[in-house]
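[1] need coordinates for the following:
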Amino acid sequence: MAGRVEEFAAAHGWAGAAVVPLAADASFRRYFRLTHGAKSALVMDAPPAKEDVGPWLRLARHLCALGYSAPLVLAVDENAGLVLIEDLGDDTFTRLLARGTDEAALYELAVDVLIDLHRRPEAEAVPPGLPPYDDTRFLDEAALLTDWFLPAMGATPAPEVRTAYLAAWRAALPAARKVRETLVLRDYHVDNLMLLPNRAGVARCGLLDFQDALRGPTAYDFVSLVEDARRDIADDLRAACRTRYLAAFPTLDAATFDAACAVLGAQRHAKVIGIFTRLRVRDGKAQYLSHIPRVWRLLERALPHAALGPVRAWFDACVPATLRTAPPG
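    Got it, this is the predicted structure:
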């Protein structure tokens, strides 16, 4: 693995650089840091049989063109799935929070990036040809709970039960469509944000893991940020983020925004429960199971919203409290 990375690096001016693998994420992508003297860069290795690097490249270039701090693309071999990119460092918000950095300040910066993005006209914010976050995609994602989580709990649903589940989501999704649409990064949370103190304004926030972006409701990334599957967020901080966001959009009806957040949050939590289970069952990555109880708490907090009435009724009937936990590791 390192040999082909070294060959690629050498072909683009990094001959003799030290190559150090970085921690893997939930995807099939791998990252390597190149260091040569005081210089550094990263190589992203996205095996073409498993990962299409094209969407990442298009979104990275688009975000940079808008003035945001996605990593600059320095060199590419798309056939090999290798990309030389700018090294934004190691200061993810997650690491900074673990070191005691001001939590409110980091979340304010993250909210300000969304405000800046959502103030842009849709035609400017969304790159041409970006697929929509349509109902089919939302339903397919929600079905990860019935298709992966429930079987792992020994409770595979009958076909009619799964059909009723999707019908409940169809009834709820219109409330998520009442906010305007924009570029949705989809994994907008502290693990994928970096602090770049030498930059100004919203460019101080580095952006990672945006290759799955779609055109969808503005509320989605806000919920992704403040209802994080991997860490607990205090109610007062969540409320402060909501206040900051809504103050930037005085014509946005708060009740409409809250309904969209409730539906999108619940859908995302159902999806994540399914994804974290799939990572264990299919990919052997058990470390994500520890987050599932938190995601269940987030889902249960969202379900009482009136916009989710049919979805809550389905969960009450089909997923008893004894199942609302992590599957066996």
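
[2] low-confidence bits of the stretch 1-150 of the chain, can you list those?
    Along the stretch 1-150 of the chain, the model assigns pLDDT under 70 to residues 1-2, 24-27.

[3] let me see the ranges of the helices in it.
    Remark: helices assigned in the stretch 1-150 of the chain by DSSP state H, counting those that start in this stretch are 2-11, 53-65, 93-98, 103-119, 122-125, 135-144, 150-152.

[4] okay, the fourth one in PDB with CA atoms only?
    What it means is helix 103-119. The C-alpha trace of helix 103-119 is given here as PDB (Å, rounded to 0.1, in the frame of the first residue of the first chain):
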ATOM      1  CA  GLU A 103     -16.900  24.500  23.100                       C
ATOM      2  CA  ALA A 104     -19.300  27.400  22.500                       C
ATOM      3  CA  ALA A 105     -16.800  29.200  20.300                       C
ATOM      4  CA  LEU A 106     -16.300  26.100  18.100                       C
ATOM      5  CA  TYR A 107     -20.000  25.600  17.700                       C
ATOM      6  CA  GLU A 108     -20.500  29.200  16.900                       C
ATOM      7  CA  LEU A 109     -18.000  29.000  14.100                       C
ATOM      8  CA  ALA A 110     -19.600  25.800  12.800                       C
ATOM      9  CA  VAL A 111     -23.000  27.500  12.800                       C
ATOM     10  CA  ASP A 112     -21.600  30.600  11.100                       C
ATOM     11  CA  VAL A 113     -20.400  28.400   8.200                       C
ATOM     12  CA  LEU A 114     -23.900  27.100   7.800                       C
ATOM     13  CA  ILE A 115     -25.300  30.600   8.000                       C
ATOM     14  CA  ASP A 116     -22.900  31.800   5.300                       C
ATOM     15  CA  LEU A 117     -23.700  28.800   3.000                       C
ATOM     16  CA  HIS A 118     -27.400  29.100   3.500                       C
ATOM     17  CA  ARG A 119     -27.500  32.800   2.700                       C
END
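
[5] now for that helix, which elements pack on it?
    Applying 3 or more CB pairs under 8 Å, 6 or more residues apart in numbering; DSSP states H and E, one finds that helix 103-119 contacts helix 93-98, strand 181-184, strand 193-195, strand 205-207, helix 219-226, helix 235-247. Quick note: C-beta positions are derived from backbone N, CA and C, even for glycine.

[6] mind listing what residue 329 touches?
    Taking CB atoms under 8 Å, 6 or more residues apart in numbering as the criterion, residue 329 is in contact with 280, 286, 289.
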